[in-house]
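Novice: Return atomic coordinates for the entry below.
(one chain, ligands or ions: 1)
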Amino acid sequence: MAKITKRSEDYSQWYIDIVTRAEMADYAPVKGCMVIRPWGYAIWERMQRALDDMFKATGHSNAYFPLLIPMSFLQKEAEHVKGFAPECAVVTRGGDKELEEPLVIRPTSETIIWAMYKKWIQSWRDLPLLYNQWANVVRWEMRTRLFLRTAEFLWQEGHTAHATADEAVQEAERMIGIYRTFAEQWMAMPVLVGSKSDAEKFAGALTTYTIEALMQDGKALQAGTSHYLGQNFAKAFDVQFQSREGQLQYVYATSWGVSTRLVGALVMSHSDDAGLVLPPKLAPIEVVIVPILKAGVDNAAILTAASRVAEPFGDAVRVKVDDRDNVSPGWKFNEWELKGVPVRIEIGPKDLEKGQVVVVRRDTGQKTPTPEGEVPVRVPALLAEIQEALFTRAKQRLDEGCRAADTYEAFRRTMDEQGGFVYAPWCGSAECEAKVSEETKATIRLVPEQAEGCGACMVCGKGPAKRVPFARSY
Ligand SMILES: [Zn+2]
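Specialist: Numbering: from 1, shown residues only. This is a model prediction of the structure:
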């Protein structure tokens with residue numbers, strides 16, 4: 001099996017090697033597009049299930065809206081069309097006829113959804129509407145980075161309608177909280193939470209909340225966003241409701257989404273030079289049992305032992321017995337390491353004699369001989385321990401990756417030499433923000449809810465300034 005490029009040699013090639021060799025995704029014949037292969041898709045399915053459960057537990061229902069949106073819909077919200085028009089794919093022909101009105105392949109679904117909400121919302125009794133859809137979207141993009149940046153990607157988009165601004169803001173905050181919980185408890189990926197600056201917020205939003213993670217190369221990755229849209233879309237699509245008091249009012253809106261980009265974030269959070277490292281909760285297979293088979297001898301006893309060890313896990317742990325006899329045990333070890341399976345159990349003839357198995361952790365490589373009878377208790381505990389350890393390690397990296405700088409000069413030096421999130425004083429003006437991003441390629445990732453006040457802006461020298469985290473990002 002060909003070696004994976006080392007992180008220290010070429011981080012970006014290391015990422016591509018893992019994604020392609022672990023058979024998570026491949027490049028599609030159409031530039032900008034990707035094929036998600038079964039191993040990558042199984043991880044996405046685990047993510048989907050966990051998120052979907054959390055959405056439903058907070059009162060949301062799934063629905064499905066069409067892929068094609070009339071161009072005129074997109075033009076109804078001025079900021080929205082300005083933000084999305086440059087990256088839209090547009091259908092102008094159907095069969096052999098030119099269409100009267102071009103159709104946009106959805107880059108996001110606010111417009112088509114709000115056109116429908118106009119039909120469905122009349123009274124305060126119809127509110128709130130808490131809908132989510134799992135779908136694909138297209139944003140024209142030629143610089144492909146598998147999972148991180150592709151023209152077509154999979155995501156979920158929640159779209160909710162509320163009677164009051166307070167309720168809508170609470171919803172937008174609740175959903176960024178759910179994304180944070182998912183990132184931390186499922187992906188074992190700690191995040192910073194806050195709101196975007198005006199320059200960075202979603203086209204058409206009043207407030208965009210974001211979670212931002214730190215990758216191993218010191219770059220930030222926006223992992224999920226939740227938007228408070230005010231009455232912008234209700235006004236654009238004339239969605240009014242009769243209040244309890246009998247008055248006609250515009251509806252308040254939110255939208256929120258995470259995408260297959262999270263799979264890329266997962267890869268870059270935990271993996272190493274041997275391949276993918278998966279947190280157990282999102283691993284399609286948590287435990288692989290490899291019986292050490294020998295050519296030309298009767299392996300029946302070993303194979304029986306492998307099934308016997310697998311059996312007590314039942315449905316509680318996702319276990320696979322790799323009983324292939326056409327590849328060597330060493331080859332299997334490499335393959336499952338590359339694919340990031342959290343725990344491997346080896347059973348050889350000598351182990352069988354001693355009534356034990358060897359339990360191997362993917363994250364540390366640690367091997368522990370374990371009496372067969374203790375496996376059903378020890379292995380689930382180990383999986384929980386690995387989940388925790390991955391989070392702790394990533395949290396430590398995030399904490400160490402948060403740095404401070406007071407002057408622009410110190411900021412630039414820290415950004416170039418160390419990267420990560422550099423907290424620096426900013427006056428709040430778009431001009432200073434743009435200057436930093438043009439000159440250093442670092443952007444304000446978020447404005448913390450309780451940003452520390454501090455003297456003067458590092459760019460213009462004016463105050464009062466707030467300390468906000470800048471980073472270069474994916
Ligand atoms: Zn300034």
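Novice: Read off the pLDDT value for Q450.
Specialist: As predicted, Q450 sits at a pLDDT of 85.
Novice: now A2
Specialist: For A2, pLDDT reads 69.
Novice: for H227, same thing?
Specialist: Reported pLDDT for H227: 97.
Novice: first vs last residue of stretch 129-148, how far apart are they?
Specialist: Across its full length, stretch 129-148 reaches 31 Å end to end, with C-alpha to C-alpha, to the nearest Å as the criterion.
Novice: Check stretch 251-266 too.
Specialist: For stretch 251-266, the end-to-end distance is 37 Å (C-alpha to C-alpha).
Novice: Run the chain-centre distance for that stretch.
Specialist: On the basis of C-alpha atoms, centre = their mean, to the nearest Å, stretch 251-266 sits 8 Å off its chain's mean C-alpha point.
Novice: Kindly report the same for stretch 50-61.
Specialist: 17 Å.
Novice: With stretch 288-305 instead?
Specialist: On C-alpha atoms, centre = their mean, the centre of stretch 288-305 falls 39 Å from the chain's centre.
Novice: for stretch 90-105, same thing?
Specialist: For stretch 90-105 - counting by C-alpha atoms, centre = their mean - the centre lies 33 Å from the chain centre.
Novice: buried ones in it?
Specialist: Neighbour counts over stretch 90-105 (16 or more other C-beta atoms under 10 Å) mark P102, L103, V104, I105 as buried. Quick note: C-beta positions are derived from backbone N, CA and C, even for glycine.
Novice: One more: stretch 56-65?
Specialist: Counting neighbours by 16+ other C-beta under 10 Å, stretch 56-65 gives H60, F65 as buried.
Novice: Just name the shakiest helix or strand of the protein by mean pLDDT.
Specialist: Across the helices and strands of the chain, mean confidence by mean pLDDT, DSSP states H and E is lowest for helix 78-84: a mean of 80.
Novice: and that one, what does it pack onto?
Specialist: helix 71-74, helix 232-236 (3 or more C-beta pairs under 8 Å, 6 or more residues apart in numbering; DSSP states H and E).
Novice: try 7 Å
Specialist: helix 71-74 (3 or more C-beta pairs under 7 Å, 6 or more residues apart in numbering; DSSP states H and E).
Novice: How about the contacts made by the residue in the stretch 201-350 of the chain positioned nearest to the ion?
Specialist: Nearest residue of the stretch 201-350 of the chain to the ion (C-beta to the ion) works out as K201 at 18.7 Å. By C-beta atoms under 7 Å, 6 or more residues apart in numbering, the residues touching K201 are T208.
Novice: sec struct for it, please.
Specialist: coil (DSSP: H, G, I helix; E, B strand; the rest coil).
Novice: Quick check: the gap between it and K76.
Specialist: 19 Å (C-beta to C-beta, to the nearest Å).
Novice: ok, now L338?
Specialist: L338 is 49 Å from K76, by C-beta to C-beta.
Novice: coming back round to it: got a list of contacts for the very next helix or strand once past the least confident helix or strand of the chain?
Specialist: Using DSSP states H and E, the helix or strand that follows helix 78-84 in sequence is strand 90-94. Around strand 90-94, the neighbours that count as contacts under C-beta under 7 Å, 6+ apart are L68, M71, E98, L99, P102, L103, V104, I105.
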